[in-house]
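Chemist: Sequence unavailable; structure follows:
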Ligand SMILES: N[C@H](CCC[C@H](N)C(=O)O)C(=O)O
């Protein structure tokens, strides 16, 4: 069967995007999905996203990491699927959709998408790092030599090491530029490599920097190898709410491939 797909990227985090409202992809075969994400034998992407119908919301998002397995929430993928939904004429400037971590609201103007993330509680502070879940788990660590860091090897040893082990975590390395600006490089679980940016990752960094007192701002710019993102939030007694991930999401090309 020939499968029509679109390629999207959100600050360099790239995805194969498929309109699956007719259930063309009926069962989610992880080996075939990881093949589509392979950068040599397939289309190449950090993940694959299916847009499916939903009874009460504009659509449903089903996300797979490049390893072909369904995973936790993808923030950049959430921004890209909103741009895709507008391209398909499903929405105009506002959207509500269901993802693996629940319902999300979003706004889109031009190529800029603002995605509301789930509230965050249960932030763990440790001597060397902060651990929190922003829809996906993140180990956030301040470093001094961000540009020279071997993110793949340092990230993998944290991701596979105790206490995360096989289930793992994403790993975000951070340096502070100013009270409202941090640079971030991320090792992504399920891609098992550095990605150019990670939406739940920069969200985790913004909240962790506020929670540990590195900043008292509640609107923060995050600079990643794939471009700049913004995160805004409101601190509560027990964590954070009204969390928004803001940045560009772009359609790169359309294609067709044997499925
Ligand atoms: N790799 C993540 C999911 C995708 C997160 C990332 N692409 C984002 O933009 O949030 C995980 O398995 O926890």
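Modeler: Here it is on my side, so go on. Just so we're clear, the structure is a prediction, and the values are computed from it rather than from any experiment.
Chemist: now the strands for the stretch 101-250 of the chain?
Modeler: Assigned by DSSP state E, counting those that start in this stretch, the stretch 101-250 of the chain shows strands spanning 102-109, 112-117, 120-121, 124-125, 130-133, 137-142, 170-178, 181-188, 193-195, 219-224, 227-235, 239-248, 250-258.
Chemist: Could you list the paired strands of the second one along with their orientation?
Modeler: According to DSSP bridges, strand 112-117 has the following sheet partners: strand 102-109 (antiparallel), strand 239-248 (antiparallel).
Chemist: about what we covered before: and residue 42, which of the strands of the stretch 101-250 of the chain is closest to it?
Modeler: strand 250-258 (7.5 Å; C-beta to C-beta). Every C-beta, even on glycine, is put in place using the N, C-alpha and C of the backbone.
Chemist: follow-up on the earlier one: mean neighbour count, the strands paired with strand 112-117: which tops it?
Modeler: Mean neighbour count (mean count of other C-beta atoms under 10 Å) peaks for strand 239-248 among these, with a mean of 20.
Chemist: Determine the angle, from 0 to 180 degrees, between it and strand 219-224.
Modeler: 50 degrees (axes from the mean of the first three to the mean of the last three C-alpha atoms, to 10 degrees).
Chemist: Report the rounded mean pLDDT for strand 239-248.
Modeler: Mean pLDDT, computed over strand 239-248, is 98.
Chemist: With stretch 57-76 instead?
Modeler: 97.
Chemist: quick one: it to chain centroid distance?
Modeler: 9 Å (C-alpha atoms, centre = their mean, to the nearest Å).
Chemist: So is it next to the ligand?
Modeler: Yes. Against the ligand, stretch 57-76 shows contacts by C-beta under 6 Å from any ligand atom at 65, 71-72, 74-76.
Chemist: Nearest approach to the ligand belongs to which of the strands of the stretch 101-250 of the chain?
Modeler: Counting by C-beta to the nearest ligand atom, the ligand lies closest to strand 181-188 out of the strands of the stretch 101-250 of the chain; the figure is 4.2 Å.
Chemist: Direction included, what does that closest one pair against?
Modeler: By DSSP bridges, strand 181-188 pairs with strand 170-178 (antiparallel), strand 193-195 (antiparallel), strand 219-224 (parallel).
Chemist: can you redo these as CSV with mean pLDDT and distance to the ligand?
Modeler: Putting the strands paired with strand 181-188 into CSV (pLDDT from 0 to 100; distance: least, C-beta to the nearest ligand atom, whole Å) gives the following:
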stretch, mean pLDDT, distance to the ligand
strand 170-178, 98, 5
strand 193-195, 98, 6
strand 219-224, 98, 10
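Chemist: Alright, calling it a day.
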